[in-house]
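# coords below, sequence missing:
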């Protein structure tokens, strides 16, 4: 019997069997499945719809869709289509590519999808959390996002805090947590500085290891 749980994060979804060792977790971001092919990504959901109206040269629909995606109203429809089509071509060729998704304006979330070798290897969602309330927006805090992930995935494999200092000398304890899977990794990272935000990342194990082995740049705020 299968159990499907949708986390409070929204757009990240886990599907597991009674024995999680038997089949891998299915992680989704804005409807896209971690590990899916480039062909799947650019044929489904918002991106697929955008490419289809671009191919029809339906500029009115392109402008409407791009506006809904958070693009400025002055965006040239032809330029927007050219950008999406180029991204599709590069990702299809196997080139490593980062593609900015539509995000979610209400929760002040931005999405970045990373492709490598013709597959989606990383979904990076950043939730802004302004100190003042903004009418019409409902940002999510680190605590709220962490609670949603914990409810969906259980206790994290690792949870810790790291002392950091902002450019203005303010000191913070930055909270982080990681859920390790057999084939994938979920991370949540708090950025509590003046530009407060929380980052939620779903990535393949290979992508996680790739980042872990990359040289670390010195943090000037420490």
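Right, received. Where do you want to start? Quick caveat, the model's predicted, so the values are computed rather than measured.
# Residue 167 and residue 126: what is the separation?
19 Å (CB to CB, to the nearest Å). Using the backbone N, CA and C atoms, a C-beta is placed for each residue, glycine as well.
# what about those two, which has more around it?
The neighbour count for residue 167 versus residue 126, taken as other CB atoms under 10 Å, is higher for residue 126 (17 against 9).
# Just the mean pLDDT for the helix or strand where the more buried one lies, thanks.
Assigned by DSSP states H and E, residue 126 belongs to strand 119-128. What strand 119-128 shows for mean pLDDT is 94.
# other SSEs contacting it?
With contacts defined as 3 or more CB pairs under 8 Å, 6 or more residues apart in numbering; DSSP states H and E, strand 119-128 has these neighbours: strand 32-33, helix 38-41, strand 109-116, strand 197-204, helix 205-213.
# make it 7 Å
Contacts defined by 3 or more CB pairs under 7 Å, 6 or more residues apart in numbering; DSSP states H and E place strand 119-128 against strand 109-116, strand 197-204.
# relative orientation of the first one and strand 119-128 in degrees?
Relative orientation of strand 109-116 with respect to strand 119-128: 160 degrees, computed using axes from the mean of the first three to the mean of the last three CA atoms, to 10 degrees.
# roughly how far apart are the spatially closest residue to residue 125 that is not a sequence neighbour and residue 114?
Leaving aside its chain neighbours, residue 125 sits nearest to residue 200 (4.7 Å; criterion: CB to CB, 6 or more residues apart in numbering). Going from residue 200 to residue 114 by CB to CB gives 14 Å.
# Please say which of those two ends up with more neighbours.
More crowded of residue 200 and residue 114, by other CB under 10 Å: residue 200, with 25 against 19.
# What distance do you get for the more buried one to residue 36?
18 Å.
# and the angle for the top helix by length along the chain with strand 109-116?
What stands out as the longest helix in the chain, according to DSSP state H, is helix 77-92. If you take the same axes, to 10 degrees, helix 77-92 sits at 40 degrees to strand 109-116.
# pLDDT on helix 77-92, on average?
93.
# same check, this time on stretch 161-171
So the average pLDDT for stretch 161-171 ends up being 78.
# The residue of the chain most remote from its centre: helix or strand, and which one exactly?
Distance from the centre of the chain peaks at residue 169, with 29.9 Å (CA atoms, centre = their mean). Counting by DSSP H and E, no helix or strand carries residue 169.
# Distance check, it against residue 195.
16 Å.
# now residue 82
On the measure of CB to CB, residue 82 and residue 195 end up 31 Å apart.
# in the sheet, who's paired with the residue nearest to residue 125?
Here residue 200 sits in beta bridges with residue 125, residue 188, as judged by DSSP bridges.
# Noted, bye for now.
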